[in-house]
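Student: Sharing a model that was predicted from the sequence below.
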Amino acid sequence: MKLTKIVMAVLLSLAGNCLAAPKPASLPSSCRQVVMVIAPSWNSSKAELEGYQRVADNTWRREFGPVPVLLGKRGVAWGIGILGQGQEGLQKHERDWRSPAGIFKIGKLYTYDRILPSGIQYPFTTITARDVWISNPKSPDYNRHLTVDLANPPSWYRQERMRLGDPAHRYMLEIRHNTDAPVPGAGSAIFFHIRRGPNIPTSGCTVLAEKDLLGLLRWLRAQDSPCYVLLPWQIYKMKWDEWNLPAQL
């Protein structure tokens, strides 16, 4: 009887593994727009951004950029997204001042505005004083967007609020790093947003001049399942063909 139970447990385990969704080996075909940044090195905080559209023959056409961007103050490190996790090398973690490298889905736009500027047709949420993004790795809601009761705000409210009133965070386009079953401490609150100056890097986000960010938002289409590619040059050269990325060689 005990042997039979053991055999059944093994079979159920194997069946579960077989049914588990396989990890993609390349950029998903559903991703028809790619926002791509190739950093000169792992420690680079400056790079350029380009936008590519997948065309009928499954090749890529550049449609946006190049425009300058700023990354984390200390460069980049492997993040958790569609592709990248499990690779050897630097791994992204909370407060490391590095932007996550890999391939990521692009999520929702969060903005102070109630009406978007002309030409932007992208899903958005208007953030108010109630909106927070949890960056405490000890929280069960780590790397989640929540709203709070302002009549009885939690003790951590001021540290996690999203509406800061500063121009740099007027538009925040989510880079979906570490979002599906977030790993505590692996990094949180990663966005595209407006830069604070042409030479001021970030704690992990990707930032652009306001005109360039608005241009990017006008180009993006949610129905094309846009993805973000951020890689150092040496990794891009090894992976671009395998991962079906736009060619820059």
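Tutor: Done, it's in. Numbers count the residues shown, from 1 in each chain.

Student: pull the longest strand from the protein.
Tutor: Secondary structure of the chain per DSSP state E: the longest strand is strand 99-111.

Student: which strands and helices sit next to that strand?
Tutor: With contacts defined as 3 or more C-beta pairs under 8 Å, 6 or more residues apart in numbering; DSSP states H and E, strand 99-111 has these neighbours: strand 76-78, strand 124-126, strand 171-175, strand 227-232. Using the backbone N, CA and C atoms, a C-beta is placed for each residue, glycine as well.

Student: Same list, those, but as JSON lines with mean pLDDT please.
Tutor: Shown next, in JSON lines, are the helices and strands packed on strand 99-111 (pLDDT from 0 to 100):
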{"stretch": "strand 76-78", "mean pLDDT": "98"}
{"stretch": "strand 124-126", "mean pLDDT": "98"}
{"stretch": "strand 171-175", "mean pLDDT": "98"}
{"stretch": "strand 227-232", "mean pLDDT": "98"}
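
Student: Can you check which of the ones you listed gets nearest to Ser26?
Tutor: Proximity to Ser26, assessed across the helices and strands packed on strand 99-111 by C-beta to C-beta, is greatest for strand 227-232 (11.4 Å).

Student: Which elements pack onto the closest one?
Tutor: Applying 3+ C-beta pairs under 8 Å, 6+ apart, one finds that strand 227-232 contacts strand 33-39, strand 76-78, strand 99-111.

Student: Reformat these into JSON lines and put mean neighbour count and distance to Gly187 next to each item.
Tutor: Listed next are the helices and strands packed on strand 227-232 as JSON lines, based on neighbours: other C-beta atoms under 10 Å; distance: least, C-beta to C-beta, whole Å:
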{"stretch": "strand 33-39", "mean neighbour count": "24", "distance to Gly187": "17"}
{"stretch": "strand 76-78", "mean neighbour count": "25", "distance to Gly187": "9"}
{"stretch": "strand 99-111", "mean neighbour count": "24", "distance to Gly187": "6"}
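
Student: With that, I have no additional questions.
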